[in-house]
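*Asks:* build me a model from this:
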Amino acid sequence: MGETEFFGIYLNSELVTSLVALILTFVVHRLLVLSGLHRRVWHQALFDTALFIILWGVVLNFSITL
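*Replies:* You can find the predicted model right below:
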């Protein structure tokens, strides 16, 4: 994987992909709250953590194929 250059600063690829996954997690979380589906989740913190891990896997898979 290596490093990613961002305005002359080299960042670890895991940091970049995890930040993208974190932003996506916030977006999906907000959509679930607005739709009312988040109230039906038994353990919200566990759900949010699992959502982050799943989205991080999706972002990693997408970044590898590029």
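*Asks:* please, where are all the strands along this protein?
*Replies:* Assigned by DSSP state E, the chain shows strands spanning 3-6, 9-12.
*Asks:* show me the contacts for the closest residue in space to Ser18 that isn't next to it in sequence.
*Replies:* The shortest distance from Ser18 to any residue other than its chain neighbours is 5.9 Å, reached at Trp56 (C-beta to C-beta, 6 or more residues apart in numbering). Backbone N, C-alpha and C define where each C-beta goes, glycine included. Counting by C-beta atoms under 8 Å, 6 or more residues apart in numbering, Trp56 touches 17-18, 21.
*Asks:* hmm, 10 Å instead?
*Replies:* 14, 17-22, 24-25 (C-beta atoms under 10 Å, 6 or more residues apart in numbering).
*Asks:* now render those residues as CSV, adding pLDDT and distance to Val33.
*Replies:* Formatted as CSV, these follow (pLDDT from 0 to 100; distance: C-beta to C-beta, whole Å):
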residue, pLDDT, distance to Val33
Glu14, 87, 28
Thr17, 91, 25
Ser18, 94, 22
Leu19, 94, 21
Val20, 95, 21
Ala21, 97, 18
Leu22, 97, 16
Leu24, 97, 15
Thr25, 97, 12
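*Asks:* which of these are buried? Put it as a PyMOL command.
*Replies:* Selection command for PyMOL covering only the buried members of the contacts of Trp56, criterion 16 or more other C-beta atoms under 10 Å:
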select buried, resi 17+18+20+21+24+25
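*Asks:* out of the contacts of Trp56, the closest to Ile64 would be?
*Replies:* Within those, the smallest distance to Ile64 is 9.7 Å, found for Thr17 (C-beta to C-beta).
*Asks:* cool, thanks, signing off.
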